[in-house]
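Chemist: Here is my input; please provide its structure:
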Amino acid sequence: MARPATRISSRWRLCRRINASCRAELVNPRVCATIDSCIQPQPAALRMDIELRNIHKRFGPIHANNEINVRFDHGRIVGILGENGAGKSTLMKILSGFQPADEGEIEIDGRVIDYTGPTAAIANGIGMLQQDPLDVGAFTVLENFIYGGAEGVTLKRAQAEADLQHLTARFGFELDPHQPIDNLLIAQRQQLEIIRLLALGVETLILDEPTTGISAEQKDILFQALRRLAHDEGLVVLLVSHKLEDVIDLCDDAVVLRAGRLVGEMEMPASANGLSAARIAETKRQLVTMMFGEELEAQSRPHFDIGETVLVADRLVVHDLRLDMQPITMTARAGEVIGLAGLGGSGQELFMRACARLQRVTSGALSYCGRNILNASYRQLFRRGCVFGADGRLEEGLIAGLTLTEHTALVADDRLQIDWTAVEKLTASRIERYRVKGRASDNIEQLSGGNQQRVLIGLLPDDPKLLILEQPTRGLDVDSARWIWTQLLERCQQGTAIIFNSSDLEELVTYSDRIFVFYAGRVHEVPDVSQTNIDELGHLIGGEF
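Modeler: The predicted structure is shown next:
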């Protein structure tokens, strides 16, 4: 049966209280009328099948999507895989209306649909959950659920709250309608966004790296909900991920992109009764070969001689109005890698910024290279070899609108006069060394997230005494993440101490000498990483210490 061009009459308006370029809130005057229908499984006639034909997208000389032809059937969960810059995010943005294709067409249930913008995509049943959910931090859960009622049309709060609680209970989610968004964990914000999209009648749900920053228990809840949506209710679920284990565990199929082209499709082994380690390893090997065109060698972490103490935190209490931070004692020594684990908002980010003198301290002592730094600024620490790398690439680490060459010029030296010839040569060298897929003249925002991360790491000094890094491989594929760690460990071998946090437990276990687990402001040390594993670390992150 041909699908109507617009199934739900929806309108969007920009939230005036926040940056219009970052947020757009849906105004749906018929939520009351449609929410009950979305609670029940959709009739088979309305279940969606999607076909993308001859999709092309170019960014200057980069052919991000090159003649992509792929079909997504209802009732299936499909993993979208590929190395950084392969074109998977671009393809999903085209499907969800965030970017237009240069060529090609999208067919829904046998009918070619021409839409522009996420508004029209949602109206046609396609919604995308961004890695950073599009919500309004100052509003409550309930206000985000019903935000933006059309003039003269109001969804009663009591009815909205009942609908919200019905949906949360249905999927085993835990959301307090009156809790401010700023107080939620990333997993809870994802849950709210999923519920909102379902309430709008979405039948194709796209998720971008949804397991980043959530606990094993939260991932199980998410996966159970996604399986129910696809297998019981017939939705299309598309999972963009770099975590092969997640794709193997959750997905029915995987499609792989490389250099802008679709290079392979593969049915995942059924995992209802669990898979053997050998079967998982073989499936990962096949996926990696499709992603990179070759197998990758197993990664091992060399350990280096531990040198002098670089940083000492002695019963340090970090100031925060919302989190009760407990005293933290920690030392970092030359050649040592210290990993910080924990759910987002557990305190590890606050501690790292306090060590870099970017966050206030209430009490305790903090010294760097034997000198008290409680009254020091980050600029002073930077000049003495302490470097902080922020998680927010375009918010704190890089500057939108500047080219790669201009970024190099900013960190090259402090002189007012810039030697552009030398800067251009240095930029070209870093592009080659860090395998950045982009040109020196490209604006930084034109690069994929993974290539932005490569640029950010490439801007770090070659010989720092201490590196404090937030999520150094966030958004990177397996090969890129290993390459970044090769560069970091070279510095470590030369005597650099590294403190980093990560939501990837395997990364923490692989590269850390010691791990400190944060939970609700409390800290637990794992002094010997060789004596722990990912499962045990997952329980610690959940507060079981």
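
Chemist: what's residue 339 in contact with, if anything?
Modeler: 500, 501, 502, 507, 508, 511, 512, 514, 515, 516, 529 (Cβ atoms under 8 Å, 6 or more residues apart in numbering). Backbone N, C-alpha and C define where each C-beta goes, glycine included.

Chemist: And residue 186, by the same measure?
Modeler: So residue 186 contacts 133, 212, 213, 214, 343, 344, 345 (Cβ under 8 Å, 6+ apart).

Chemist: Residue 473 now?
Modeler: Per Cβ under 8 Å, 6+ apart, neighbours of residue 473: 453, 480, 481, 484, 485, 502, 504, 507.

Chemist: With respect to residue 438, which of these is nearest?
Modeler: residue 453 (12.2 Å; Cβ to Cβ).

Chemist: Dump the host helix or strand of that closest one to PDB, keeping only the CA atoms.
Modeler: Taking DSSP states H and E as the definition, residue 453 sits inside helix 449-458. In PDB, the C-alpha atoms belonging to helix 449-458 read as follows (Å, rounded to 0.1, in the frame of the first residue of the first chain):
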ATOM      1  CA  GLY A 449      34.000  13.900  13.600                       C
ATOM      2  CA  GLY A 450      36.800  11.300  13.500                       C
ATOM      3  CA  ASN A 451      39.000  13.500  11.400                       C
ATOM      4  CA  GLN A 452      38.300  16.500  13.700                       C
ATOM      5  CA  GLN A 453      39.600  14.300  16.500                       C
ATOM      6  CA  ARG A 454      42.800  13.400  14.600                       C
ATOM      7  CA  VAL A 455      43.400  17.200  14.100                       C
ATOM      8  CA  LEU A 456      42.800  17.800  17.800                       C
ATOM      9  CA  ILE A 457      45.300  15.200  18.800                       C
ATOM     10  CA  GLY A 458      47.800  16.500  16.100                       C
END
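
Chemist: Output the contacting helices and strands for it.
Modeler: Here helix 449-458 touches helix 420-433, helix 478-493, going by 3 or more Cβ pairs under 8 Å, 6 or more residues apart in numbering; DSSP states H and E.

Chemist: contacting residues around the last one?
Modeler: It refers to helix 478-493. Helix 478-493 has contacts (Cβ under 8 Å, 6+ apart) with 83-84, 242, 244, 288, 291-292, 296, 299, 301-302, 304, 335-337, 434-435, 450, 453-454, 457, 462-464, 467, 469, 472-473, 476, 498, 507, 511.

Chemist: Among these, the buried ones, what's the PyMOL command?
Modeler: PyMOL command restricting these to the buried ones, with burial defined by 16 or more other Cβ atoms under 10 Å:
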select buried, resi 83+84+242+244+288+291+292+304+335+336+337+434+450+453+454+457+464+467+469+472+473+476+498+507+511
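
Chemist: Where does pLDDT dip in the stretch 401-545 of the chain?
Modeler: 413-415 (pLDDT under 70).

Chemist: rerun that using 50 as the cut-off
Modeler: Within the stretch 401-545 of the chain, not a single segment meets pLDDT under 50.

Chemist: Could you say which helix or strand holds residue 313?
Modeler: strand 309-318.

Chemist: For the next helix or strand after that strand, buried residues please.
Modeler: Moving toward the C-terminus from strand 309-318, the next helix or strand (DSSP H and E) is strand 328-333. For strand 328-333, a neighbour-count test (16+ other Cβ under 10 Å) marks 328, 330, 332, 333 as buried.

Chemist: Now do strand 328-333: everything it contacts.
Modeler: Under Cβ under 8 Å, 6+ apart, the answer for strand 328-333 is 306-318, 338, 351, 364, 466, 497-499, 516, 523, 525.

Chemist: got the contact list for residue 275?
Modeler: 248, 269, 283.

Chemist: swap that for residue 197, sorry
Modeler: 122, 127, 129, 205.

Chemist: quick one: which of the residues you listed is nearest to residue 424?
Modeler: residue 129 (40.2 Å).

Chemist: so that closest one touches residue 194, yeah?
Modeler: Yes - the criterion here is Cβ atoms under 8 Å, and residue 129 meets it with residue 194 at 6.3 Å.

Chemist: Residues that sit against both of these two, list them.
Modeler: Joint contacts of residue 129 and residue 194 (Cβ under 8 Å, 6+ apart) are residue 205.

Chemist: all helices for the stretch 251-400 of the chain, in order.
Modeler: Ranges of helices in the stretch 251-400 of the chain, per DSSP state H, counting those that start in this stretch, are 277-292, 348-355, 378-383.

Chemist: I should have written the stretch 101-250 of the chain there, sorry.
Modeler: So, for the stretch 101-250 of the chain - with DSSP H, counting those that start in this stretch - the helices run 118-123, 141-146, 157-171, 186-199, 216-227, 244-250.

Chemist: could you dump those helices to TSV with distance to residue 404?
Modeler: Listed next are these as TSV, based on distance: least, Cβ to Cβ, whole Å:
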stretch	distance to residue 404
helix 118-123	29
helix 141-146	37
helix 157-171	43
helix 186-199	30
helix 216-227	35
helix 244-250	30
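
Chemist: Count the neighbours of residue 169 for me.
Modeler: Counted with other Cβ atoms under 10 Å, the neighbours of residue 169 add up to 11.

Chemist: What separation do you get for it and residue 163?
Modeler: Between residue 169 and residue 163 the distance is 11 Å, computed by Cβ to Cβ, to the nearest Å.

Chemist: do the same with residue 56
Modeler: For residue 56, the distance to residue 163 - Cβ to Cβ - is 41 Å.

Chemist: got any ranges where the stretch 151-300 of the chain has weak pLDDT?
Modeler: 151-153.

Chemist: what sits up against stretch 209-223?
Modeler: Contacts of stretch 209-223 from elsewhere in the structure, counted by Cβ under 8 Å, 6+ apart, are 129, 131, 171-173, 185-187, 190-191, 239-243, 246, 249-250, 343-344, 474-475, 503, 535, 538-539, 541-542.

Chemist: starting at the chain centroid, how far to it?
Modeler: 12 Å (Cα atoms, centre = their mean, to the nearest Å).

Chemist: list the buried ones in that stretch?
Modeler: In stretch 209-223, counting by 16+ other Cβ under 10 Å, buried: 209, 210, 211, 212, 213, 214, 215, 218, 219, 221, 222, 223.
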